[in-house]
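>>> Dropping the sequence and predicted coords here.
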Amino acid sequence: MTMLETRSQALVDSAGQQAAEESQESMVQLRSVTKYFANVAAVDGIDLDVAEGEVLTLLGPSGCGKSTTLRCITGSLEIDAGTIQIGGKDVTRVPTHGRHIGLVFQNFALFPHMTVTENVAFPLKVRRVAKHEIRSRVAQALELVQLGQLGKRLPRELSGGQQQRVGLARAIVYRPRVVLFDEPLSNLDAMLRREMRYEIRRLCDELGFTAIYVTHDQEEALALSDRIAVMKDGIIHQIGAPDEIYASPRTLFVAQFLGNPNRNAGTLTELRADEATVRIGTTTVETPLPLDEIALGSDVVLVVRPEVVRIANSAEQTRVNMWEARISAMSFLGERREYVLTIDEGFELRAYLPPDVGHALGDVVRVEVPIAECRVYPGASASVEDS
Ligand code: ATP
């Protein structure tokens, strides 16, 4: 077995062991879940384990299958293959109302003719909960979302953020063990979105329910999730803690979907015991070994996050991965400056630097990228241009 094969096997072994451990304590478990629309698999054999109390986000571009996955879990779509368990019980053929999950939608989905109190009371009424119990639980839920004073208003008398708080209160009022969120903040403006995502996380922590959250907003996913599952074309590309996925993207797609990294097309020219060399134009870049087995001479994409690119000061000795570069563009963005550094023909790096770093357009500087911060993926220049 080659060293790369050994590494890949170790990854497979640890993923298998992790899945086995997770399945013993999963609140929500999907096995080989598949959903077709016409002949296209919108969800293509997904396995997923969400632990009790965990906030898991399905993140991906439009059309990747995240809402369909959520609708399979709610039971509003019947799946074509696979199984779904909630709280250890097989619910694959159980209708939505028997799954005991709370739902929070993008469009709030409030009843327009009912007051806030009546909207929140609704799930309890249909479950025939006693009147006094409804009163106290609704009051408690409204307090939790900080709407205690607005119970008598109609939805149209509320702001978007307040309406979504009512949606939240209605989802949690019957104390479901699992709450599903389908892009709940996408109809709110940027500032409110930021405020509400902290509110949602606080509610998850205070009430301890398991949450599955769908968004295409990477910042939202990074900020509120315990783990993120990055999806594309109906499959999960990678699942893990936000910092882990951000630092070690498994594929080029994950790398470019999280953050806005530099991507440069090059050629793999050397593989050593634990490092590799990539050539871009006439520049050589030392990198860690690629995760995938890549043949020498293949086209690759070098990924470097802008925040790890630094400009060396003049007293520093030239080291590995330190190159001369010309500042070819510069913009001031308040909390930082963004520089475009041209190192070679076809080799440019964007760098985020503190706003007080005073270089001028056209200056020649030395830039450094630590070896450990470079990532190499298979792919030709087309995969850089497509992204
Ligand atoms: P978005 O962020 O735009 O909502 P998404 O990741 O949630 O996207 P889905 O809504 O799950 O994506 O759609 C996945 C794929 O399934 C897409 O190609 C979509 O066109 C298709 N699809 C979804 N619902 C239906 C439907 N009812 N009939 C036919 N095709 C559908």
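Nice, thanks for sending it over.

>>> only C-alpha atoms for contact and neighbour calcs from this point on.
Fine.

>>> and the stretch 101-250 of the chain, which residues reach the ligand?
Counting by Cα under 6 Å from any ligand atom, the stretch 101-250 of the chain comes close to the ligand at His216.

>>> and the residue of the stretch 101-250 of the chain nearest the ligand?
Going by Cα to the nearest ligand atom, the ligand is nearest to His216 of the stretch 101-250 of the chain, at 6.0 Å.

>>> Grab the nearest non-local neighbour of Ala229.
In space, and not counting its chain neighbours, Ala229 is closest to Ile239: 4.2 Å by Cα to Cα, 6 or more residues apart in numbering.

>>> So, low pLDDT: which residues of the chain?
Along the chain, the model assigns pLDDT under 70 to residues 1-24, 380-387.

>>> Which stretches in it count as helices?
3-24, 66-74, 116-126, 131-144, 160-172, 190-207, 218-224, 242-247, 252-257, 381-386 (DSSP state H).

>>> Out of those, the one nearest Glu293 is which?
Checking the helices of the chain against Glu293 by Cα to Cα gives helix 3-24 as the closest, at 6.4 Å.

>>> quick one, what contacts the residue nearest to Ala229?
227-230, 245 (Cα atoms under 8 Å, 6 or more residues apart in numbering).

>>> would CSV of those residues with neighbour count be doable?
Output for the contacts of Ile239, formatted as CSV (neighbours: other Cα atoms under 10 Å):
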residue, neighbour count
Arg227, 22
Ile228, 28
Ala229, 25
Val230, 27
Ile245, 20
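
>>> Which of those residues fall within strands?
Residues of the contacts of Ile239 located in strands (DSSP state E): 227-230.

>>> care to break the protein down by domain?
Split into domains by automatic domain parsing, the chain comes to 24-255, 261-386.

>>> Would you mind finding the most buried of those domains?
Stretch with highest mean neighbour count among the domains of the chain: domain 24-255 (a mean of 19; mean count of other Cα atoms under 10 Å).

>>> Report the distance from that domain to the chain centre.
14 Å (Cα atoms, centre = their mean, to the nearest Å).

>>> any idea how far His100 is from Arg202?
21 Å (Cα to Cα, to the nearest Å).

>>> what is the residue nearest to Thr283 when sequence neighbours are not counted paired to in the beta sheet?
Spatially, and ignoring its direct neighbours in sequence, Thr283 is nearest to Asp344 (6.8 Å; Cα to Cα, 6+ apart). Assessed by DSSP bridges, Asp344 has beta-bridge partners Phe347.

>>> Quick one: residues contacting the nearest residue to Gly240 once chain neighbours are set aside.
Nearest non-adjacent residue to Gly240, counting by Cα to Cα, 6+ apart: Arg227, 5.0 Å away. Shown in contact with Arg227 (Cα under 8 Å, 6+ apart): 54-57, 239-242.

>>> Now, these that are in strands?
Using DSSP E, the contacts of Arg227 in strands are 55-57, 239-240.

>>> how close does Ala38 get to the ligand?
The spacing between Ala38 and the ligand, counted by Cα to the nearest ligand atom, to the nearest Å, is 7 Å.

>>> which residues touch that residue?
Ala38 touches nothing, counting by Cα under 8 Å, 6+ apart.

>>> would you turn the ones in strands among the contacts of Arg227 into JSON lines with distance to Phe122?
Listed next are those as JSON lines, based on distance: Cα to Cα, whole Å:
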{"residue": "Val55", "distance to Phe122": "26"}
{"residue": "Leu56", "distance to Phe122": "27"}
{"residue": "Thr57", "distance to Phe122": "27"}
{"residue": "Ile239", "distance to Phe122": "36"}
{"residue": "Gly240", "distance to Phe122": "36"}
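
>>> out of those residues, what pair is the most spread apart?
Val55 and Ile239 (12.6 Å).

>>> of the ones in strands among the contacts of Ile239, closest to Ser32?
Of all these, Ser32 sits closest to Ala229, with 15.3 Å by Cα to Cα.

>>> tell me the contacts of that closest one?
By Cα under 8 Å, 6+ apart, Ala229 lies in contact with 56-59, 236-240.

>>> same thing but at 10 Å, please
By Cα atoms under 10 Å, 6 or more residues apart in numbering, the residues touching Ala229 are 48, 56-60, 66, 214, 221, 235-242, 245, 254.

>>> Ok, Pro242 next?
So Pro242 contacts 57, 218, 221-229, 248, 258 (Cα under 10 Å, 6+ apart).

>>> Redo those as CSV? Include distance to Thr283.
Converted to CSV, the contacts of Pro242 look like this (distance: Cα to Cα, whole Å):
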residue, distance to Thr283
Thr57, 39
Gln218, 32
Ala221, 36
Leu222, 34
Ala223, 37
Leu224, 40
Ser225, 39
Asp226, 39
Arg227, 37
Ile228, 35
Ala229, 35
Ser248, 24
Leu258, 27
